[in-house]
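Peer 1: I'll drop the sequence and a predicted model, then ask my questions.
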Amino acid sequence: MLAGCASVQHVPVAISPATGHAALVPKSIASEVIVPLATGYQRKLPAGSFWTMAGTIPQGTVYRRHRDVFTLEGAHVHEAYLVVEQGRLVGFYLPAESGFSPQQPSLPITLQE
């Protein structure tokens, strides 16, 4: 199988939706992050892009793109939210699949208000 045709691997997870102030105030990415994906593709998280807290899963805090859509590409295209734990991008939450897709290796990421 070609790397570009690989599926985005994920495991089922339940999200606890964000409430209150955290769900309303978007955060921005401090500096660009280049994300190499296991599917053979790569994605860029631009500096200054805004993300809103969507909730939490066991793997970390989930952020969705503010007023935009972020996707991962493999055999199919999937809407994806960032999963951040202790200042590291540890993976992605796939809302349509209710699944977590790990990022190997995790990458440093700084979200700021």
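Peer 2: That came in fine, so what should we check first? Residues are numbered from 1 along each chain as shown.

Peer 1: Name the residues of the worst-scoring helix or strand of the chain on mean pLDDT that are buried.
Peer 2: Using mean pLDDT, DSSP states H and E, the weakest-scoring helix or strand in the chain turns out to be strand 71-73, at a mean of 90. Judged by neighbour count (16 or more other CB atoms under 10 Å), strand 71-73 contains these buried residues: 72, 73. Glycine gets a C-beta too; all of them are placed from N, C-alpha and C.

Peer 1: That one pairs with which strands, parallel or anti?
Peer 2: strand 77-79 (antiparallel) (DSSP bridges).

Peer 1: Kindly provide the whole-number mean pLDDT of the strand it pairs with.
Peer 2: Mean pLDDT, strand 77-79: 92.

Peer 1: re earlier: chain center to the least confident helix or strand of the chain: distance?
Peer 2: Counting by CA atoms, centre = their mean, to the nearest Å, strand 71-73 is centred 10 Å from the centre of its parent chain.

Peer 1: So what touches that strand?
Peer 2: Contacts to strand 71-73, defined as CB atoms under 8 Å, 6 or more residues apart in numbering, come from residues 8, 37, 39, 41, 43, 77, 78, 79, 80, 92, 94, 101.

Peer 1: Contact partners for the residue most central in space within the chain?
Peer 2: Nearest residue to the geometric centre of the chain (CA atoms, centre = their mean): residue 82, 1.9 Å. Going by CB under 8 Å, 6+ apart, residue 82 touches 45, 51, 62, 63, 64, 70, 89, 92, 93, 109.

Peer 1: Inside strands: which ones of the contacts of strand 71-73?
Peer 2: With strands taken from DSSP state E, the overlap with the contacts of strand 71-73 comprises 43, 77, 78, 79, 92, 94, 101.
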